[in-house]
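Asks: predicted model and sequence follow; I will ask about them next.
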Amino acid sequence: MSKVGRNELCPCGSGIKYKKCCLGKETSAVESILRLVTQDDPVVLGTAAIEAAAGAAVAADVPEPTLKLTLPKLKKLVTGELSWEQPSHQELALHLIDKMRESYDRELIFEALVLWNGFSRHNKPAVKKMGSFCAAIEYLLSEEYGLNVSQTELAAKYEVTAGTISRKVKELLGYVEEFGMGGDLQAPASAQGAGSPKEQAQALIYQAMDTHAAKRRVQLAEAALKLYPDSADAYLILAEECEDEAEVRGLLKAGIAAGKRELGELFFTQHKGHFWELNETRPYIRVCKSYAEACWLGGDAAEAASMLEHILELSPGDNVGARYLLIAAYLHTNKLNDAERIIKKYGKEDNAAAFAYARMVLEYKKNGLTSQLKMLYRVAKGINKHVPDYLLGVKRLPNNLPDFVGMGDSNEAIEYVIMHSRLWAGMPELLKWMLKQ
């Protein structure tokens, strides 16, 4: 499946969630559109540990801990609470604390321990000289935080060569690319049970949202579900990292069911019509939107439309942009009256390309190639002139969707063409007409 939803238009999650694109290097308009439409055990972290590693706001890949860390606490973490594959790995961790204590904040030393604990348990390296890995870890963190410590300086500090540091850095980077800088840290025993299971699960979800390492995201989401099976966001994250279309839809349906269990039947009755205004509803709305997109891209326009209607029924303000894909689903299935209804309800003050080009399609499906169609095409090009270029193959679609779109820009056109390709693939006559204009 195309990947749903890490990149949203709004930091609060109210924008359209994007997907990983599976496009080739098409040059033909029709080929471009047709090809678009065919297409270790989880580690459970306690809340206290996550807050120390990730911060309550989860604002960066290696955020500041919110708990006060001291050298004794760090050493206790190494000797009493973390597990190690070999005694030499624990010894290196203690050596790392001693070597970094004079120059770095305790929180950054904690991050170094996080990285080494995960790397050593996963890769099981042989430690011949402790300074080589210590220097490499310090170098990576200094790069991460912009501290500008050179490998030459670290070579002198740890009595190793710069070449050795460089080799160890490459080993660590291989691990970081898979798991992220946060690594695969085990939960300290003292952190287990801190907070309710739901709170611990939500902390894991925040951490998963903040990392780009696919395997790590899956681990965190699975761990969250073990703690709290009704986490809709956990299922959404698992779906984002899944490649099998049927499995993705199964995960998203499970996420919808989890969201319903969490909110309860009475909640839907009481708050229908203003769902998005309540923060606790947003995971449910997000997973519903992603399921609709998966159905649409998988060829089930009717199921997509049904779910998008459900979203608009719960939240008529449509903070997630369900209306745009719903119009496409209606037009694709020739429910023209329903498409016209949505355009009239939402399109009067909405200058999105989706509405402008939907009016074109509606006119074409109702009346064919008319003078009115020509006028609507001019209006649509005035709203976003880039859409025809991508639809007709004048410009190649990129391999990935943009992170953000702006009204009238090329990113909006790219997002529109990819998400509406199924609709346009069924109208070759209209595409040929557009080529002649």
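Replies: Structure received.

Asks: spatially nearest residue to I237, not counting backbone neighbours?
Replies: Among residues not flanking I237 along the chain, A221 sits closest, at 4.1 Å (C-beta to C-beta, 6 or more residues apart in numbering). Quick note: C-beta positions are derived from backbone N, CA and C, even for glycine.

Asks: what's near enough to touch the one you found?
Replies: Contacts for A221 were tallied using C-beta atoms under 8 Å, 6 or more residues apart in numbering; they are 204-205, 208, 234-235, 237-238, 241.

Asks: most neighbours out of those residues, which is it?
Replies: Comparing those on neighbour count, L204 comes out first with 32 neighbours (neighbours: other C-beta atoms under 10 Å).

Asks: any idea how far A214 is from the residue nearest to I237?
Replies: A221 sits 11 Å away from A214, going by C-beta to C-beta, to the nearest Å.

Asks: between those two, which contacts overlap?
Replies: By C-beta under 8 Å, 6+ apart, the residues touching both A221 and A214 are E241.

Asks: follow-up on the earlier one: of the contacts of A221, which is the nearest to M407?
Replies: I237 (29.7 Å; C-beta to C-beta).

Asks: in what helix or strand does the closest one lie?
Replies: For I237, the element it lies in under DSSP states H and E is helix 232-240.

Asks: just list what that helix packs against, helices and strands only.
Replies: Under the contact criterion of 3 or more C-beta pairs under 8 Å, 6 or more residues apart in numbering; DSSP states H and E, helix 232-240 touches helix 197-209, helix 214-227, helix 245-263, helix 282-297.

Asks: okay, angle between it and helix 282-297 too, please.
Replies: For helix 232-240 against helix 282-297, the angle by axes from the mean of the first three to the mean of the last three C-alpha atoms, to 10 degrees is 30 degrees.

Asks: can you dump the C-alpha atoms of the helix or strand hosting C134 in CSV for me?
Replies: Using DSSP H and E, C134 sits in helix 130-144. Only the C-alpha atoms of helix 130-144 are listed here, as CSV (Å, rounded to 0.1, in the frame of the first residue of the first chain):
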residue,chain,number,x,y,z
MET,A,130,36.9,0.5,24.7
GLY,A,131,38.1,3.8,23.4
SER,A,132,37.2,3.1,19.8
PHE,A,133,33.4,2.7,20.4
CYS,A,134,33.4,5.4,23.0
ALA,A,135,35.0,7.9,20.6
ALA,A,136,32.6,6.9,17.8
ILE,A,137,29.5,7.3,20.1
GLU,A,138,30.7,10.7,21.3
TYR,A,139,31.4,11.7,17.7
LEU,A,140,27.9,10.8,16.5
LEU,A,141,26.2,12.7,19.4
SER,A,142,28.4,15.7,18.9
GLU,A,143,27.3,15.7,15.2
GLU,A,144,23.7,15.3,16.2
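
Asks: neighbours of K129, just the number please.
Replies: K129: 13 neighbours (other C-beta under 10 Å).

Asks: oh, and call the first residue 345 from now on, that's how I've got it
Replies: All set: I'll call the first residue 345, so the last point we hit is now K473.

Asks: so what pLDDT did it get?
Replies: As predicted, K473 sits at a pLDDT of 90.

Asks: excluding chain neighbours, what is closest to it?
Replies: Here the residue nearest K473, using C-beta to C-beta, 6+ apart, is V504, at 6.4 Å.

Asks: repeat that for V471.
Replies: That would be S432: by C-beta to C-beta, 6+ apart, it lies 4.4 Å from V471.

Asks: roughly how far is the helix or strand where the one you found lies from the heart of the chain?
Replies: S432 belongs to helix 431-444 when elements are defined using DSSP H and E. Mean-position distance between helix 431-444 and its chain equals 35 Å (C-alpha atoms, centre = their mean, to the nearest Å).

Asks: what does it rub up against?
Replies: With C-beta under 8 Å, 6+ apart as the contact definition, helix 431-444 has outside contacts at 415, 418-419, 422-423, 426, 428, 452-453, 456-457, 460-461, 464-465, 471, 474, 477-478, 481-482, 501-502.

Asks: average pLDDT for stretch 736-748?
Replies: The average pLDDT for stretch 736-748 rounds to 81.

Asks: go through that stretch and flag the buried ones.
Replies: Along stretch 736-748, these residues count as buried under the neighbour rule (16 or more other C-beta atoms under 10 Å): 736-737, 741, 745-746.

Asks: and stretch 705-714, by the same measure?
Replies: Buried residues in stretch 705-714 (16+ other C-beta under 10 Å): 705-709.

Asks: okay, the angle between the helix holding I581 and helix 558-571?
Replies: 150 degrees.

Asks: from the middle of its chain, how far away would helix 576-584 be?
Replies: Averaging C-alpha positions (C-alpha atoms, centre = their mean) puts helix 576-584 9 Å from its chain's average.

Asks: where are the low-confidence patches of the stretch 345-494 of the chain?
Replies: Confidence mapping of the stretch 345-494 of the chain against pLDDT under 70 gives the ranges 345-412.

Asks: and the helices in it?
Replies: Per DSSP state H, counting those that start in this stretch, the stretch 345-494 of the chain carries helices over the ranges 373-381, 391-398, 415-420, 431-444, 450-467, 474-488.

Asks: give me the helices and strands touching the third one, please.
Replies: Using 3+ C-beta pairs under 8 Å, 6+ apart as the contact criterion, the neighbours of helix 415-420 among helices and strands are helix 431-444, helix 450-467.

Asks: got a list of contacts for that helix?
Replies: 438, 441, 445, 450, 453-454, 457.

Asks: could you rerun that using 10 Å?
Replies: 396, 411, 414, 425-426, 437-438, 440-442, 444-445, 450-451, 453-454, 456-457, 532, 534 (C-beta atoms under 10 Å, 6 or more residues apart in numbering).

Asks: how about it as PDB, C-alpha atoms only?
Replies: Extracted C-alpha coordinates of helix 415-420, given in PDB (Å, rounded to 0.1, in the frame of the first residue of the first chain):
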ATOM      1  CA  LEU A 415      26.000  10.400  37.600                       C
ATOM      2  CA  PRO A 416      25.000   7.900  40.400                       C
ATOM      3  CA  LYS A 417      21.700   7.400  38.600                       C
ATOM      4  CA  LEU A 418      23.400   6.800  35.300                       C
ATOM      5  CA  LYS A 419      25.800   4.300  36.800                       C
ATOM      6  CA  LYS A 420      22.800   2.600  38.500                       C
END
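
Asks: brilliant, that's me finished.
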